[in-house]
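> got a predicted structure plus its sequence, pasted below:
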Number of protein chains: 2
Amino acid sequence: MTIKAEILSVGTELLLGDIVNTNARFISKGLASLGIHLYRQGVVGDNPLRIKEEIINSLERSDLLIITGGLGPTTDDLTREVVAETLNRPLIQVPEILEGIQAFFNSIGVEMEKSNVKQSYIPQGATWLENNNGTSPGLIVEEKEKKVILLPGPPKEMEPMFEKQILPYLSRYGSGILKSKILNVFGIGESTMEARVEDILEEQTNPTVAPYCMEQGLILRVTAKAESEEEANREIAVVEKKLRERLGEYIYGVNNESLEEVVVSKLKQYNESIGIAESCTGGMLAATLTGVPGVSDLFPLGITTYSNESKVKILGVSEETIRQKGAVSSETAIEMAKRIRALSNTTIGVGVTGIAGPTGGSIEKPVGLIYIAIDYRGEIHHIKKQLFGKRNEIRRRATNHSLDLIRKVVKG
Amino acid sequence: MTIKAEILSVGTELLLGDIVNTNARFISKGLASLGIHLYRQGVVGDNPLRIKEEIINSLERSDLLIITGGLGPTTDDLTREVVAETLNRPLIQVPEILEGIQAFFNSIGVEMEKSNVKQSYIPQGATWLENNNGTSPGLIVEEKEKKVILLPGPPKEMEPMFEKQILPYLSRYGSGILKSKILNVFGIGESTMEARVEDILEEQTNPTVAPYCMEQGLILRVTAKAESEEEANREIAVVEKKLRERLGEYIYGVNNESLEEVVVSKLKQYNESIGIAESCTGGMLAATLTGVPGVSDLFPLGITTYSNESKVKILGVSEETIRQKGAVSSETAIEMAKRIRALSNTTIGVGVTGIAGPTGGSIEKPVGLIYIAIDYRGEIHHIKKQLFGKRNEIRRRATNHSLDLIRKVVKG
């Protein structure tokens, strides 16, 4: 049985643009993994009339409505009350929920506010879900064939509740045989990628192939409908092979793998270790790499030499090189890579130098000019890139290009 | 004249959860700054029937509909075509747009794909807006009293177009005398903050005060309706003073200031310079600080000592301290702060050590335990925090607590 779903995010802070709606994304991804068709996402403010209107319209069109936000303790938080009213159910207090809220405050050593009491009320007949990361329980209200799910707004509360309690509850409603595989692409433009695979995109009806442009790079999503998971995997594999023939090394990973995860697992696979010397990225390459658990076994040392003096005194780049070639040069990047490899006693040393902007550029060396060098067991690889965008975009891209170069260089 | 607005984001990638809808947030913020009332945000897939339905419904309810996405060159991109059909306008080619697209490809040294040609067509009577960062122009279609604005989906194209071309166009429709000031709060929980200012929240009708919980911390938004900007500012100042009396040092900045921007401007103001030694944050503190332009004048050096050996050999922490107290201890954090201050020859040295998880925790030293130390001109400050969350949340929070401690310690 396949059902139609909608998401409604409640919060004036979303309409004022104070926060970005990561909840809708998180829930959408989960529904997609179950093959549940999501038809719409909506956002309204903490306004009872508009919340009610949205609930009524959604339940007319769809079978499942997931609402996030508006379950907090403040007087602005009205979702629980509006859902109860719209579905004609009184709010009933559950003593067990109140005890849980009190226990939560005890565990963080803070006294419960009286405003939290209203979070222990639920619409009659609803199922409530424990919240291990905050005070508001989640709620499932079944109304004939329709379902309304209420989840707290803060992502740190919503995400584990959705993953551990809602996904298992919903799994019976998915089509079960819709399967997707994502190919992650880096280092090529969107239209160039599409031109290379255009005929495949157009030919394919099952599996379908769809390109998307994302911040970290491009993806190709291959989605198969099949009788069984094995059949879906087989169909995806055929299309994946064709795509890999056209895009080769530009495909760096699959599904939710990030560039840094691919790099860390490759480093582990080939028993490599890495030291990082950064200038323009200011620690972002090290911070990105150390976002991957278990990296401490292979990454002993990163140095951000933001001044020329640090490059010379701490890292040991020669003053001569900086004076003659400049701090932003392939020569400096190469010396940084060699020196950090020696200092950290690793198989790989990486040096990144460039101009992140907004100031500091010149005609010869404009903002966005980046040099990346790798000393891989004594073998030197280096690239030069002219990047575009704002300061933090240039830094992010320089970081990604560094990761991509490490990935390409390490071959075992 | 005040108008009602809605935003519609088009893209199956949003419904599949492949990307997060930063565009809706960006546009919402801009509309709020003009005092234009945003009633809804909606998201649908690249599906002509559903896009059409949303356009019709929105134009019935509201005066302005801003649509993002679906203007790209691929066969999936259908927004332009659906808007033309829904508003009964033929698509007309504009040679000037085609020339612009060709010029764009020339500037990045790539040949134009034939699929890009469709981006030079616009609904008859529409106004088109130049896109300096991509190929698809923006479009404004005025239909009697209603307006439909089409913007490209990629944020790097949409954001500058919205800021430079749409905001000036829309400024005549705002109420013009709605003004907000945001107070940024860090280091206190949501309900504790609310309990401290509850009477102010409830009393206030103009200006209104609304609390929001965001990833980096909490905010209080004070919004005044007034005849003139001066009057609004005056009214906001009265409420701000009351809030500051209650929340004191927890308020670290205003409006869009980030913690790191506040820290950098304070360091500049008092002529301080800073060196950073990190363990569990793995470069994130340095990377966050160097996200602020102009920081190179005061930040010469950051060292990420991820192994104990690096802490001893590169930074100069005593082996004794690590053996006796452990790498995760206030003693190690303090030595890291002292040593990095000496190595970088700065007025401030910061040391951060802890356990980011998911592994490496023990009963005595659980995941999330963090020590932060500052050597401020020889004066030592240090804190211990037990943080919760996933690896990257713990790292992010440890970074923010470090920034917050720097902010509090530096007094000039």
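On my side now, so go ahead. Numbers count the residues shown, from 1 in each chain, chains lettered A, B, ... in the order given.

> neighbours of A:S33, how many?
Counted with other CB atoms under 10 Å in any protein chain shown, residues neighbouring A:S33 total 16. All C-beta spots, glycine's among them, are computed from the backbone N, C-alpha and C.

> OK, contacts around it?
A:L167 (CB atoms under 8 Å, 6 or more residues apart in numbering or on different chains).

> look up how far A:N256 lies from it.
Applying CB to CB, to the nearest Å, the value for A:S33 to A:N256 is 10 Å.

> what is the subsequent helix or strand relative to the least confident helix or strand in chain A by mean pLDDT?
The helix or strand of chain A with the lowest confidence, counting by mean pLDDT, DSSP states H and E, is strand A:208-214 at a mean of 77. Scanning forward in sequence from strand A:208-214 by DSSP states H and E, the next helix or strand is strand A:217-225.

> coming back round to it: who does the least confident helix or strand of chain A touch, helix- and strand-wise?
Other elements packing on strand A:208-214 under the criterion 3 or more CB pairs under 8 Å, 6 or more residues apart in numbering or on different chains; DSSP states H and E are helix A:190-203, strand A:217-225, helix B:12-15.

> against the centre of chain A, work out the most remote residue.
A:E320 (42.8 Å; CA atoms, centre = their mean).

> where does that residue fall, phi/psi-wise?
Per-residue torsions, A:E320: phi -50, psi -50 (degrees, to the nearest 10).

> residues contacting it?
No residues are in contact with A:E320 under the rule CB under 8 Å, 6+ apart.

> do you know the pLDDT at it?
Note for A:E320: predicted pLDDT of 97.

> from chain B, how far out is it?
20 Å (CB to the nearest CB, to the nearest Å).

> verify the contact between A:G138 and A:I122 for me.
No: the pair A:G138 and A:I122 fails to qualify as a contact (CB atoms under 8 Å) at a distance of 10.0 Å.

> what touches both of the two?
Contacts common to A:G138 and A:I122, judged by CB under 8 Å, 6+ apart, are A:W128.

> A:A226 - how many residues pack around it?
For A:A226, using other CB under 10 Å, the count is 17.

> quick check: angle from the least confident helix or strand of chain A to strand A:217-225?
150 degrees (axes from the mean of the first three to the mean of the last three CA atoms, to 10 degrees).

> how distant is strand A:208-214 from the center of its chain?
16 Å (CA atoms, centre = their mean, to the nearest Å).

> contacts for it, please.
For strand A:208-214, using CB under 8 Å, 6+ apart, the contacting residues are A:190, A:193-194, A:197, A:200-201, A:218-223, A:239, A:243, B:12-13, B:18-19, B:72, B:74, B:76, B:153-154.

> buried set for it?
A:V209, A:A210, A:P211, A:Y212, A:C213 (16 or more other CB atoms under 10 Å in any protein chain shown).

> what of stretch A:348-362?
Here stretch A:348-362 shows A:I348, A:G349, A:V350, A:G351, A:V352, A:T353, A:G354, A:I355, A:A356, A:G357, A:G360 as buried, counting by 16+ other CB under 10 Å.

> distance from it to the middle of the chain?
Worked out by CA atoms, centre = their mean, stretch A:348-362 lies 26 Å from the chain centre.

> quick one: terminal-to-terminal distance for it?
32 Å (CA to CA, to the nearest Å).

> would you mind confirming that A:I97 makes contact with A:S120?
Yes: shown here, A:I97 and A:S120 form a contact pair, counting by CB under 8 Å, at 4.2 Å.

> residues near A:R246, how many?
15.

> cool, and A:R377?
12.

> could you find the closest non-adjacent residue to it?
Among residues not flanking A:R377 along the chain, A:T347 sits closest, at 5.3 Å (CB to CB, 6 or more residues apart in numbering or on different chains).

> what does the stretch 201-350 of chain A put close to chain B?
The stretch 201-350 of chain A has residues A:201-202, A:210-215, A:219, A:221, A:276, A:278, A:281-287, A:289-291, A:293-296, A:299-307, A:309-310, A:314, A:343-344 near chain B, with proximity defined as CB under 8 Å from any CB of the partner chain.

> what's the distance between stretch A:142-150 and the middle of its chain?
29 Å.

> ok, now stretch A:300-312?
30 Å.

> circling back to that earlier point, can you tell me how far the residue nearest to A:R377 sits from chain B?
A:T347 is 15 Å from chain B, by CB to the nearest CB.

> no further queries at this time; thank you.
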